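**Q** requesting a structural model of the entry that follows:
(one chain, ligands or ions: 2)
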Amino acid sequence: MKQFTAVHDVTDIDALVKDALACKETPFAWHELGKYKTLGLLFFNPSLRTRMSTQKAAYHLGMNVMVLNVDKDGWKIETEEGVIMNSDKAEHLKEAAAVMSQYCDVLGIRSFPELKDKEEDLKDQVLNDFLKYTTVPVISLESATRHPLQSLADVVTIEENKKVARPKVVLTWAPHPRALPQAVPNSFAEWMNAIDVDFVIACPEGYELDEQFAGNAVVTHNQEEALKDADFVYAKNWSSTTEYGKCVVQDSSWMIDNQKMSLTNEGKFMHCLPVRRNVVVADEVLDGEHSLVIEQANNRTFAAQAVLKNILKGKR
Ligand SMILES: NCCC[C@H](NC(=O)CCC(=O)O)C(=O)O
Ligand SMILES: NC(=O)OP(=O)(O)O
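**A** Numbers count the residues shown, from 1 in each chain. Ligands and ions are numbered 1, 2, ... in the order given. Just a heads-up that it's a prediction; the model follows:
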């Protein structure tokens, strides 16, 4: 594996999921693989899980890790081509990426969308510029368009918890006070479309995900209808796709509670975290026995470990 930015960087999803499960079983079995190798993690935005789980994964493989919070500790990075750099940005991405390639054998990048201009965000410029100007493999730690490490952990979690061969998985929009990226639902949809599940997306009008991510998924504006007989309910807020980046709907009737979960087939509740309690989902669901959110977060370590392992081996 040369890079991990989307599901289409993976040639064999089943094998990668099996690798993640093998890492979970015996985390230290490959502790020599990353000896004398360095992972650099670059954050333009905050993180708890991605930062800690990816570091832990690297330690399991014997790697060293360097973390840079570009938004706080580093020089402000310019991304425009040909710009006269006489404002607040001291360093161009071209040098930053090339320099970090001297110090690191693998680089992870987190860079959220601006949520101002849809076409600009879809270009995923920061991630793509790093891909262009680094000489080492790059892992997306959540970009403007996708969050593949999260989605791989979600696929692993579904694999571990499914009771039927082809479960019904419902991705449902949920309310939130702030305008959030579409990266998590985009990415989740892409991965669900790539594996054998019955996949349905429920969202308010104006919140339909871009076709390149939603693919052939069934899309409905009726959440209760979607939830019927669901085996997995994946809740997430995202901002409007038609009034791009705006928080147009705040309808609290989309919140997931026990009454909603009772429509499902004893469905499991999933969310990538962090989650706003009693806005996105009621306490009773998060604290109930059908919540998988902590296991999803746990599986982030083994998803990251499987990806790093394959990059280090140059496989899959
Ligand atoms: N990495 C997981 C999700 C990150 C981000 N959530 C957030 O920004 C939530 C912030 C808040 O609740 O204020 C998102 O939706 O893409
Ligand atoms: N789920 C997730 O990516 O969490 P963080 O934003 O805390 O890394």
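**Q** check contacts around residue 185.
**A** Residues near residue 185 by CB atoms under 8 Å, 6 or more residues apart in numbering: 171, 173, 201, 209, 213, 236, 238. C-beta coordinates here come from the backbone N, C-alpha and C atoms, glycine included.
**Q** ok, 6 Å please
**A** Residues in contact with residue 185 (CB atoms under 6 Å, 6 or more residues apart in numbering) are 171, 209, 236, 238.
**Q** check which helix or strand the second one maps to.
**A** Residue 209 is part of no helix or strand, with elements assigned from DSSP states H and E.
**Q** where's it relative to residue 180, distance?
**A** 13 Å (CB to CB, to the nearest Å).
**Q** next: residue 232.
**A** Remark: distance between residue 232 and residue 180 (CB to CB) = 21 Å.
**Q** neighbour count: these two, which is higher?
**A** residue 232 (25 against 18; other CB atoms under 10 Å).
**Q** where does the nearest residue to that one once chain neighbours are set aside fall, phi/psi-wise?
**A** In this structure, residue 232 finds its nearest non-sequential neighbour in residue 169, 4.6 Å apart by CB to CB, 6 or more residues apart in numbering. Residue 169 adopts backbone torsions of phi -120, psi 120, taken as degrees, to the nearest 10.
**Q** hmm, who's touching stretch 52-72?
**A** So stretch 52-72 is contacted by 27, 30-35, 37-44, 74, 300-301, 304-305, 308 (CB under 6 Å, 6+ apart).
**Q** what's around whichever residue of the stretch 201-316 of the chain sits closest to ligand 1, how many residues?
**A** The nearest approach of the stretch 201-316 of the chain to ligand 1 comes at residue 272, 4.7 Å away (CB to the nearest ligand atom). As a burial measure, residue 272 scores 25 neighbours (other CB under 10 Å).
**Q** that one contacts residue 187, doesn't it?
**A** No. Applying CB atoms under 6 Å as the test, residue 272 and residue 187 come out as separate, 9.6 Å apart.
**Q** excluding chain neighbours, give the residue nearest to the residue of the stretch 51-200 of the chain found nearest ligand 2 in space.
**A** Among all residues of the stretch 51-200 of the chain, residue 150 sits closest to ligand 2, at 5.3 Å; criterion: CB to the nearest ligand atom. Nearest non-adjacent residue to residue 150, counting by CB to CB, 6+ apart: residue 272, 5.0 Å away.
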